[in-house]
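Novice: Below are the sequence and a predicted model; questions follow.
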There are 2 protein chains.
Amino acid sequence: MTYELHYWPGIQGRGEFVRLALEEAGCDYVDVARLPARQGGGGSNLMQMLADSIPPPFAPPVLKVDDLVISQTPNILLFLGRRHNLAPQDEAGELWVHQLQLTLADLAAEAHDVHHPVSSGLYYDDQKAEAARAADAFRKQRIPKYLGYFERVLEGNGGVGAGLARDALTYADLSLFQVVRGLQYAFPNAMGRLSKKIPRTLALAQRVERRPRIAEYLGSDRRQAFSEDDLFRHYPELDP
Amino acid sequence: MTYELHYWPGIQGRGEFVRLALEEAGCDYVDVARLPARQGGGGSNLMQMLADSIPPPFAPPVLKVDDLVISQTPNILLFLGRRHNLAPQDEAGELWVHQLQLTLADLAAEAHDVHHPVSSGLYYDDQKAEAARAADAFRKQRIPKYLGYFERVLEGNGGVGAGLARDALTYADLSLFQVVRGLQYAFPNAMGRLSKKIPRTLALAQRVERRPRIAEYLGSDRRQAFSEDDLFRHYPELDP
């Protein structure tokens, strides 16, 4: 069984949350759009696939396996969590982890909208003034609110080493790692100032990073670098 | 079995997607924050409940039943869809409907951010210039893209009367009704211009509205009116 992941080539983006789950679970998968165009890769083939799918996904990432065509990142993770034991199997546990993932998705969307507050259809340079105001609120209010929330969850879950669903490693833990590293890339000064208040969150990110399969992935050329074409962007003027 | 819905009093907001599902399913529920404060209602009691919950929800809406405390709107609907037959019961169908709901949640979030492009912590009056630019892109690009997508889904699902998951009525159909009516309230001119291109979407909204339990709900005082304190806001300057 080989998974096909379809996502915009050249960036981590929302596809990265899916990649981390596939890597941690040791899944066999093809990152289709990163293949050469003659093998079905590239943005044009991706857009054609979206246009040809019935029923259609709204946007990448799309995960295909067997006859399933699954889109929306938290939805893909809900599916992978069940299949690959990346979430508790009981109803309460499954819903709890999905809630956390949806909250992380909201945070990631806000991190994107900081550099695109007016429109995702315009360049950053066309909305720099608005982005400067949005970044101020994001750094001072939203990052502390969100990461303070995850810190509180981890604190409630008990001793050193607990994850977001206590002992089980879940797709939400993997995603929290990605969000923390993304925010540290985009807002190093703000995250540095916040670091003393979120020790459990930072420790969890580090534990995820050191898991054997994740560490191997992060050191491979399958992992793409953060960049200013991506969801998390470092613009020094937005992180004074 | 009585559900407790906890959501900010005085607005439809994201809680409305949950209310519509509870109403359509004929569930017994209490809209807790709308009770008098001495009976546990009001914003202060709501915030206290959030602070006291272990593990904590990030934000309302929160649905409580038995020992479950469920938050994040699409997650609550995933749960209600299973329990009350508001989604297909097979895996592919469940994931398909959840994907649609997540896409509707993205659209609702963008509709909110049009009047709060800089920060949800500032008043609209403090970000009117930015909102004017954001509304232009939202009206011209995002509404047509999103509603054009749902139109395409409905078209692919076949004959007159088909919903987002063909014959089954789902929580995503209920939510699409709410989003369409919200957008018509907030952007009557833009939605009027778009109407000829989305006949199936508008017909589905009308069919939902006429379902007996939904019609009864909409005519009752349990349904709160749209307003400028809410997610969908009508500011004439944003809809020329």
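Specialist: Here it is on my side, so go on.
Novice: Not counting whichever strand or helix holds residue A:133 itself, show me its contacts.
Specialist: Assigned by DSSP states H and E, residue A:133 belongs to helix A:128-137. Applying C-beta atoms under 8 Å, 6 or more residues apart in numbering or on different chains, the external contacts of helix A:128-137 come out as A:113-118, A:124, A:235, A:237-239, B:117-119, B:121-122, B:127, B:130, B:133. Where you see a C-beta, it was placed from the backbone N, CA and C, and this is true even at glycine.
Novice: List the buried residues in that helix.
Specialist: By neighbour count on 16 or more other C-beta atoms under 10 Å in any protein chain shown, the buried set for helix A:128-137 is A:130, A:131, A:132, A:133, A:134, A:135, A:137.
Novice: Also stretch A:4-20?
Specialist: Neighbour-count burial for stretch A:4-20 flags A:4-9, A:11-20 (criterion: 16+ other C-beta under 10 Å).
Novice: about what we covered before: okay, the angle between the helix holding residue A:133 and helix B:128-137?
Specialist: 110 degrees (axes from the mean of the first three to the mean of the last three C-alpha atoms, to 10 degrees).
Novice: Could you measure from the closest residue to residue A:239 other than its chain neighbours over to residue A:237?
Specialist: Spatial nearest neighbour of residue A:239, chain neighbours left out: residue A:187 (4.5 Å); criterion: C-beta to C-beta, 6 or more residues apart in numbering or on different chains. Distance of residue A:187 to residue A:237, computed by C-beta to C-beta, to the nearest Å: 12 Å.
Novice: Can you check the pLDDT for the residue of chain A most remote from its centre?
Specialist: Note on chain A: the largest C-alpha distance from the chain mean falls to residue A:38, namely 28.6 Å (C-alpha atoms, centre = their mean). For residue A:38, the pLDDT comes out at 96.
Novice: Dihedrals phi and psi, it?
Specialist: The phi/psi pair for residue A:38 (degrees, to the nearest 10) reads phi -70, psi -20.
Novice: Neighbours of the closest residue to residue A:2 other than its chain neighbours, how many?
Specialist: Leaving aside its sequence neighbours, residue A:2 sits nearest to residue A:28 (C-beta to C-beta, 6+ apart; 4.8 Å). Residues near residue A:28, counting by other C-beta atoms under 10 Å in any protein chain shown, number 8.
Novice: Equivalent analysis for the one 5 residues further on, please.
Specialist: For residue A:33, the count of nearby residues is 26 (other C-beta under 10 Å).
Novice: Could you grab the helix/strand/coil label for the closest residue to it other than its chain neighbours?
Specialist: With sequence-adjacent residues excluded and distances taken as C-beta to C-beta, 6+ apart, residue A:33 is closest to residue A:9, at 4.3 Å. For residue A:9, the assignment made with DSSP: H, G, I helix; E, B strand; the rest coil gives coil.
Novice: ok so, going back, just the buried residues of stretch A:4-20: which are in strands?
Specialist: Residues of the buried residues of stretch A:4-20 located in strands (DSSP state E): A:4, A:5, A:6.
Novice: Which single one of the residues you listed is nearest to chain B?
Specialist: Closest approach between those and chain B, by C-beta to the nearest C-beta: residue A:6, at 14.0 Å.
Novice: Quick one, grab the pLDDT at the closest one.
Specialist: The pLDDT attached to residue A:6 in the predicted structure is 98.
Novice: which residues does it form a beta bridge with?
Specialist: residue A:62 (DSSP bridges).
Novice: What distance do you get for it to residue B:12?
Specialist: For residue A:6, the distance to residue B:12 - C-beta to C-beta - is 35 Å.
Novice: and if you look at residue A:186?
Specialist: 34 Å.
Novice: likewise residue A:40?
Specialist: 44 Å.
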